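Enquirer: only geometry, no sequence info:
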């Protein structure tokens, strides 16, 4: 056997180590949707386990606070009040006109202009205090109004690539490091395989050695991500799992993307008014806005005299519906979403940074643990294929050269 082929063994092993680690990472992300027939096929580990990982993350971070209401208090509710008032006030006359023309157009057209002006003025005076009380009340009952896990599930089902983007941006440096280390480790294992092959030049040696190299490098790649949990000294180096070593930076990126993509102010508001507890949300809105109508004596008396109590009840119902529509408009404002996202991200990031290494690892590791063996076997199969190709080259190329 020529020295040329012996030198190729660690080179090919380095490529196998690099490629199988790259492949394991690609299989973690892609395909985003399941590709295959029945039980035979594949979907990227992260898209398939996105909901599970997101739920673990939320559980871990909320444990630090106790509940969602406590998180809400850190988001400066007074800023929400200011935004609602500033956005609604200029359109308040329009909202009142729309409400009145829908229920009692004749009454509204026949009211003297000065009466309508008094109603507009009354509403503007009452709005700040009513909104403040409404926002406080919603904040106190936020856990009951919003199912955060259901919200996350809906978002991830609608956008299965979101978790991929979060992981790629949060761990881009670490993932490249894992791939490159696979090449180094593969080359070292290949160098160790050379003397064994020289001593035992059996036909199965290279394919079996290639399988072990692919399998081991994938196993090491996964473990480099998560282990060791805490920094350890090895000779001149301090080693720790690559994701754990940059917990603070990854927490910042993760929290920012979650706040911008998954748990936005608009999505939370939409979950409140359209989710399973929409009835409770509407009841809270009605509770705080009804006094604006009841205490406006001019409108109340005029409505009851003109249309009776049934018509007055319809008026209150429509007012509540308009308030829900206004809520959607308010929280869909792009500038407000952009301004509040850093506040949400800061809360999430603060809590993720406070997690112990074991807790931080548990956000990611459980989902991967279920797929580790499959990823390692795939790496081993590619390694065995590379070893088989080398065996064919070592066996037949000298024969071809000799015949030539």
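Expert: Ah, there it is. Bear in mind that the values here come from a model prediction, so they are computed numbers and not experimental data.

Enquirer: Only C-alpha atoms from now on, for both contacts and neighbour counts.
Expert: Noted.

Enquirer: gap between residue 317 and residue 99?
Expert: When distance is defined by Cα to Cα, to the nearest Å, residue 317 is 10 Å away from residue 99.

Enquirer: Next secondary structure after the lowest-mean-pLDDT helix or strand in the chain?
Expert: In the chain, no helix or strand scores lower on mean pLDDT, DSSP states H and E than helix 297-331, which sits at a mean of 62. Per DSSP states H and E, helix 297-331 leads on to helix 334-353 as the next helix or strand towards the C-terminus.

Enquirer: wait, what's in contact with the most centrally placed residue in the chain?
Expert: Per Cα atoms, centre = their mean, the C-alpha nearest to the average position across the chain is that of residue 258, at 4.7 Å. With contacts defined as Cα atoms under 8 Å, 6 or more residues apart in numbering, residue 258 is in contact with 166, 345.

Enquirer: name the element it belongs to?
Expert: Using DSSP H and E, residue 258 falls in helix 247-261.

Enquirer: Between helix 334-353 and that helix, find me the angle.
Expert: 150 degrees (axes from the mean of the first three to the mean of the last three Cα atoms, to 10 degrees).

Enquirer: Helix 334-353 and the helix or strand that helix 247-261 is followed by, what's the angle between them?
Expert: With elements assigned by DSSP H and E, the helix or strand that comes after helix 247-261 is helix 265-274. Relative orientation of helix 265-274 versus helix 334-353 (the same axes, to 10 degrees): 100 degrees.

Enquirer: Give me the buried positions along helix 265-274.
Expert: For helix 265-274, the buried set under the neighbour-count rule, 16 or more other Cα atoms under 10 Å, comprises 265-273.

Enquirer: Now render those residues as TSV, adding pLDDT and distance to residue 155.
Expert: Formatted as TSV, the buried residues of helix 265-274 follow (pLDDT from 0 to 100; distance: Cα to Cα, whole Å):
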residue	pLDDT	distance to residue 155
265	77	13
266	79	12
267	80	9
268	79	11
269	79	14
270	78	12
271	80	11
272	79	15
273	76	16
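
Enquirer: Kindly indicate which of those residues lies nearest residue 207.
Expert: For the buried residues of helix 265-274, the residue nearest residue 207 by Cα to Cα is residue 267; the value is 53.0 Å.

Enquirer: ok, and the closest non-adjacent residue to that closest one?
Expert: Excluding its sequence neighbours, the residue lying closest to residue 267 (Cα to Cα, 6 or more residues apart in numbering) is residue 151, at 7.9 Å.

Enquirer: Verify the contact between that neighbour and residue 270 for me.
Expert: No. At 9.6 Å, residue 151 does not count as touching residue 270 under the criterion of Cα atoms under 8 Å.

Enquirer: show me what contacts the nearest residue to residue 249 once chain neighbours are set aside?
Expert: Spatially, and ignoring its direct neighbours in sequence, residue 249 is nearest to residue 170 (7.8 Å; Cα to Cα, 6+ apart). If you count contacts by Cα under 8 Å, 6+ apart, residue 170 has them with 249-251, 253-254.

Enquirer: Neighbour count and distance to residue 192 added to these, as TSV?
Expert: Below are the contacts of residue 170 laid out as TSV (neighbours: other Cα atoms under 10 Å; distance: Cα to Cα, whole Å):
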residue	neighbour count	distance to residue 192
249	16	37
250	22	36
251	22	39
253	18	40
254	23	40
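
Enquirer: Can you give me the distance of residue 180 to residue 123?
Expert: On the measure of Cα to Cα, residue 180 and residue 123 end up 65 Å apart.
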